Every structure is written in C-alpha cells, then in structure tokens.
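Visitor: fold the following and give me the result.
(2 chains)
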Number of protein chains: 2
Amino acid sequence: MLSKNKINYILSLQKKKVREEEKLFVIEGDKLVKEFLSAKQPVKTLVAKPEFLNALPLVHKHGIDEIIPCGYEDLKKVTSLKTPHNALAIVRMPETRMDPDFLNKGLTVALDFIQDPGNLGTIIRAAAWFGIKNIVCSETCVDVFNPKVIQASMGAILHVKVFYTDLHILLRNALKDGIRIYGAMLDGESIYSQKLEHTGIILLGNESKGISEDLIPFITDRIMIPGISEAGAGIDSLNVGMAASVIFSEFTRSRGREGECG
Amino acid sequence: MLSKNKINYILSLQKKKVREEEKLFVIEGDKLVKEFLSAKQPVKTLVAKPEFLNALPLVHKHGIDEIIPCGYEDLKKVTSLKTPHNALAIVRMPETRMDPDFLNKGLTVALDFIQDPGNLGTIIRAAAWFGIKNIVCSETCVDVFNPKVIQASMGAILHVKVFYTDLHILLRNALKDGIRIYGAMLDGESIYSQKLEHTGIILLGNESKGISEDLIPFITDRIMIPGISEAGAGIDSLNVGMAASVIFSEFTRSRGREGECG
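Guide: Next up, the predicted model:
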C-alpha cells in the first residue's frame, strides 16, 4: 500500500529539477527492474505487485532499501505510462565520472540538442548494441533520466555512459588532439565510401535543425547516408535514431573489413 | 466551426473498422497535409486554422471537397495527438493494386505481425529513404492507416505501397519463382559478409517473438546485424525499426560496391 506522500514523491521525480536534487530517477517495467537489480544498481525503493516480489531471487532483494508491495490501483497512481507494469523502482543516479582519456579509446557519440526522449533512448540502445561506451550530450539535450528516455533505451542505459557537457569545449580539445570528428550532414559524403577510423567522435544534430552552426567548423569529416531524397523523389531525412543505427553499423562493419579490399 | 456530427465523424475514423467501411483516413500536421495536397492525394475534408488556409496555394484548394476553417478549440476536439496541429485532413484511401510482378522488381519488405504503430511508421520511412517501393504486411500487422503509423511515417507513406496479405502464400510463390527470402534472425549470418541481391524479400518479424515459426522454412538467407550481445555483454536486440534501417542500408550499399572487391 502506497501512502499519499510516497505517491507524490514518486510523481515528483518525473521533474528533472527534483531528480537532480534527489539524485534519483524512476524505472518502470518487470524486465527493466530485473535488469537493474541483476546489474547490482542501487535501488532505493521497489514498488511492485506481490507476484513480482515473490518471484524475485532473495539475492536481488538484499540491496533494496525499501520494498512496497501494492496492487494495480496504486501502481496506476505513480506510473508515467498509460498502463502500469507490475514493478517500478526508484534508483540512485550512477556517478558518471568522465575518464579523461575516453576520447582516445574507441568511438564516442556527441549529441547536439536532441530534444525527443524517444530518440535519445533509441540512440543509447543502438550505441549499446554496437559496443559504443560513451555518449556526450550538449546541455540542451533532453535529460537521460527522463522516464521516456529510460523506457526507450530498454536497459541499454546500463551499458553506456551518458555525460552532459559543453560540446564546443569537448570538440575543440578533441580537434587539438587530432581526433577525427564525423558530423552527420545532409550535404556530407557517402558514409559507404569514406574511411571510418576506430577512434573518433560521431556528431549528430537536432531533429529538425541538424548540427548547430557554431559546431560545424569542428567537423573533420562530413558523413551522409545516401538515400533517394538525393534525386528529390523521396523524403526529407531519416529520423535521427534510424540515422544513428545506420552510422554505428557502418563504423562496426568497417572495423571488420580492414584489409579486405586493400 | 465544426459541428458535433463532424467531430464525432472524424473521431470515429480513429477506428480501423470505420476507416475500412468509409475508405477514408485522417492525417494531421501542417507539413503532412501540405505534402498530401502537393502529391495530389484526394482530400475529402480539410479542417484548419484560417492562417493555414490563407497561406495555401489556390491550386491545392481546388481538389478538396470541403474546407472547414476553425480554431484551436475545435482542432483540439478532433485530434489524436496531445496537442493539435494547425491542420487535419480526411483523405481517401489509395487503391493499392499489387503489380503481379512486383516481387521481381527490386526489393520488397515483408512484415510479420508488427504490432507497434511507431515501428511500422519508422519502417515505411526507412523504406522510402532507401528507395524500397513495396511493403507486404501479414494480416496481423497494425493497420497502416492508424493515426500513429501515419504520424511516424512522416509522409513516407506517399512513396511506398503497403499491402496486407497472407505471407505464407506470398512467400511460397516467391520461393517457387526463385526469389531470395532474407529473414532477419538473431542466429543468422552477419549481414556484412553476405551476398545481398538486388531483388528479393526482406522478412522482419514481431517485436518480441521474431519471425513466426511457420514462416521460417521459406527463408533462403538468415541475416543478422552483428552486435556486442553476441558476447553476452550487451542488450537483447535492436528495435525492429532500427534493424530495418540498418538492413535496408546494407542492401543499398551492396548495390553500389559491385565489383569493388571482386
């Protein structure tokens, strides 16, 4: 049974300001909650149906500060979804310290002003799939702990570090260090024919405006996914989540084909 | 000003049964409505703010049976979205006759039991981008005229024909004709190293269950997008819309590199 105070508290975590003050965020869904528990993430509160709790291994329950069994009606009051799942948890934000050398270790994704939570979630999921470990967001991007981002990322958030920073500073320093900066632009060169390095930054821009003008000078390689829009016969552009999937896939593929053609 | 009858009529078109009886569907959004008018699609009713109507070229208005200027409050009553756009239109369903020989002309996408409207919309958008003209859906797929599909497809529906049929019959006939059937499966072979033909069927399965068991025997080539989940360290799978984007991209790329490596 959930107290009125607890209900209000959980709902208040839908706001970014409260999440940041409390250093907590909310996850929903049987699978997601189990994944967080399996990954030994610090769960403060678990609100779930008795069936869910009974089926949970003891070892997973040990680390939880507070377990509240409740029914559908209570879950409905605290969900951010149309229909509640069987479990919801309040989780402590991980301390994501940037490895000062992470830009020199494989691929990094830089996101400039991504506004749609579903898109950010999708990009995190694609990054996890293709083994990209770090995503750097501009301060103008949607919050990674927004419930819709967490929902769309489907647990991939456990495998990818997401930072927020000033992209100007990041890109300027990267350029000084000779790191390639691949910018996805409609007037770029075909990604199929470009040399894609193992280390570098993949820069993706806003859903409708693309990459901010003041970031464009930092780009060393403009990349583009060829589509029939080139001929003026198709659609404007791929959604940024779809574009990210294709670009990450191309970088993965190019790693595997080294020396294939010579 | 919208009459109560008209409001109820527009809302009733959110139901598949009504759409099929009336052979009409609803589109929303300034850009989408303009795209449909530019493409000379038969618009029965246009409901829009006076600003939108005033800015519309005369040539676009000619073909519309009924134009209803109205305000935000009226649009709010008929929208399927949280916040209404400035324009909404009732459009006649196109007569999509299957070219009996379409399977022999380039790539076709076959969708088995895709349930999420956003995913179907994304797949249509990706198909349009990569120049795929035909999508065949199992009867169990979500309806292409569902408002959420239309919204996610972002006008790509104008460039791609979507049919509904029994996939068993379609795939059996294709197999007889020697057409390759590429099935996306987690235990498939890497798509990066397989030979991908210009003509063939790309078969994608349900979001959680994959391709139906009784369709699997028709597959001639099992394809898979390599990800780090192979090593057990990552996530379950890519979302079907993301997977579709990557697969369509690989087919496009392979068309361009013929004879590249020999």
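Visitor: going by C-alpha atoms from here, please, whenever you check contacts or count neighbours.
Guide: Will do.
Visitor: where do the strands of the stretch 151-262 of chain A begin and end?
Guide: A:161-164, A:181-190, A:200-204, A:221-224 (DSSP state E, counting those that start in this stretch).
Visitor: err, the stretch 1-150 of chain A, not the other one
Guide: Along the stretch 1-150 of chain A, counting by DSSP E, counting those that start in this stretch, strands occupy A:24-28, A:43-48, A:66-69, A:87-92, A:107-111, A:134-137.
Visitor: would you turn those strands into CSV with distance to chain B and mean neighbour count?
Guide: As requested, the strands of the stretch 1-150 of chain A are exported to CSV (distance: least, CA to the nearest CA, whole Å; neighbours: other CA atoms under 10 Å in any protein chain shown):
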stretch, distance to chain B, mean neighbour count
strand A:24-28, 17, 23
strand A:43-48, 20, 22
strand A:66-69, 27, 15
strand A:87-92, 20, 23
strand A:107-111, 14, 24
strand A:134-137, 14, 23
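Visitor: so for residue B:252, which of those sits nearest?
Guide: Set against residue B:252 and scored by CA to CA, these come closest in strand A:107-111, at 24.2 Å.
Visitor: what pairs with the closest one, parallel or antiparallel?
Guide: strand A:134-137 (parallel), strand A:200-204 (parallel) (DSSP bridges).
Visitor: residues in contact with it?
Guide: Applying CA atoms under 8 Å, 6 or more residues apart in numbering or on different chains, the contact partners of strand A:107-111 are A:132-138, A:141, A:167, A:198-206.
Visitor: one more pass at 7 Å, please.
Guide: The contact list for strand A:107-111, computed with CA atoms under 7 Å, 6 or more residues apart in numbering or on different chains, reads A:132, A:134-138, A:198-205.
Visitor: ok, stretch A:26-38 next?
Guide: Residues from elsewhere that reach stretch A:26-38 (CA under 7 Å, 6+ apart): A:13, A:60, A:85-91, A:147, A:150, A:154-155.
Visitor: equivalent analysis for stretch A:180-199, please.
Guide: Under CA under 7 Å, 6+ apart, the answer for stretch A:180-199 is A:104-107, A:200-204, A:219-226, A:251, A:254-255, B:253.
Visitor: for chain B, see how far away the closest residue to residue A:175 other than its chain neighbours is.
Guide: Closest residue in space to residue A:175, ignoring its immediate chain neighbours: residue A:218 at 6.9 Å, by CA to CA, 6 or more residues apart in numbering or on different chains. Counting by CA to the nearest CA, to the nearest Å, the gap from residue A:218 to chain B is 27 Å.
Visitor: pretty sure residue A:218 is touching residue A:171, no?
Guide: Yes: in this structure, residue A:218 is within contact of residue A:171 by CA atoms under 7 Å, at 6.3 Å.
Visitor: where does the worst-scoring helix or strand of chain A on mean pLDDT sit relative to the chain's centre, distance-wise?
Guide: Least confident helix or strand of chain A, by mean pLDDT, DSSP states H and E, is helix A:58-62 with a mean of 88. Counting by CA atoms, centre = their mean, to the nearest Å, helix A:58-62 is centred 27 Å from the centre of its parent chain.
Visitor: next, the angle from the top helix by length along chain A to strand A:181-190.
Guide: Ranked by residue count under DSSP state H, the longest helix found in chain A is helix A:240-256. Computed by axes from the mean of the first three to the mean of the last three CA atoms, to 10 degrees, the angle separating helix A:240-256 from strand A:181-190 equals 90 degrees.
Visitor: contact partners of helix A:240-256?
Guide: The contact list for helix A:240-256 (CA under 7 Å, 6+ apart) reads A:119, A:122-123, A:126, A:130, A:196, A:198, A:207, B:192, B:242, B:245-246, B:249.
Visitor: let's see that with 8 Å instead.
Guide: A:119-120, A:122-123, A:126-127, A:130, A:191-192, A:195-198, A:204-207, A:225, B:126, B:192, B:241-243, B:245-246, B:249.
Visitor: do the same with stretch A:201-214
Guide: So stretch A:201-214 is in contact with A:103, A:107-116, A:179-185, A:239-240, A:244, going by CA under 8 Å, 6+ apart.
Visitor: now swap in stretch A:158-172 and tell me
Guide: With CA under 8 Å, 6+ apart as the contact definition, stretch A:158-172 has outside contacts at A:36, A:39, A:96, A:98, A:110, A:112, A:124, A:127-128, A:132-139, A:144, A:181, A:215, A:218, B:234.
Visitor: tell me the buried residues in stretch A:102-121?
Guide: Within stretch A:102-121, the residues that qualify as buried are A:103-104, A:107-121, counting by 16 or more other CA atoms under 10 Å in any protein chain shown.
Visitor: got it, and stretch A:144-162?
Guide: Quick answer for stretch A:144-162 (16+ other CA under 10 Å): A:144-162.
Visitor: count of residues packed around residue A:214?
Guide: Counted with other CA atoms under 10 Å in any protein chain shown, the neighbours of residue A:214 add up to 8.
Visitor: and if you look at residue A:101?
Guide: Other residues close to residue A:101 by other CA under 10 Å number 7.
Visitor: roughly how far apart are it and chain B?
Guide: Distance of residue A:101 to chain B, computed by CA to the nearest CA: 22 Å.
Visitor: point out where the stretch 101-250 of chain A drops to low pLDDT.
Guide: Along the stretch 101-250 of chain A, segments meeting pLDDT under 70 span A:229-236.
Visitor: picking up where we left off before, and residue A:218 and residue A:171? which has more neighbours close in?
Guide: Higher neighbour count among residue A:218 and residue A:171: residue A:171, with 21 against 17, using other CA under 10 Å.
Visitor: was I right to think residue A:83 contacts residue A:74?
Guide: No: using CA atoms under 8 Å, residue A:83 is not in contact with residue A:74, being 11.8 Å away.
Visitor: apart from its chain neighbours, what residue comes closest to residue A:164?
Guide: residue A:137 (4.7 Å).
Visitor: kindly report the same for residue A:184.
Guide: residue A:223 (4.9 Å).
Visitor: next one: residue A:112
Guide: residue A:205 (4.8 Å).
Visitor: separation between that neighbour and residue B:36?
Guide: Distance, residue A:205 to residue B:36, by CA to CA, to the nearest Å: 27 Å.
Visitor: if you count neighbours, what's buried in stretch A:16-24?
Guide: So, applying 16+ other CA under 10 Å, buried residues of stretch A:16-24: A:16, A:19, A:24.
Visitor: quick check, nearest of the residues you listed to residue B:56?
Guide: residue A:16 (40.3 Å).
Visitor: hmm, residue A:142 and that closest one touching each other?
Guide: No: the criterion here is CA under 8 Å, and residue A:16 misses it with residue A:142 at 9.6 Å.
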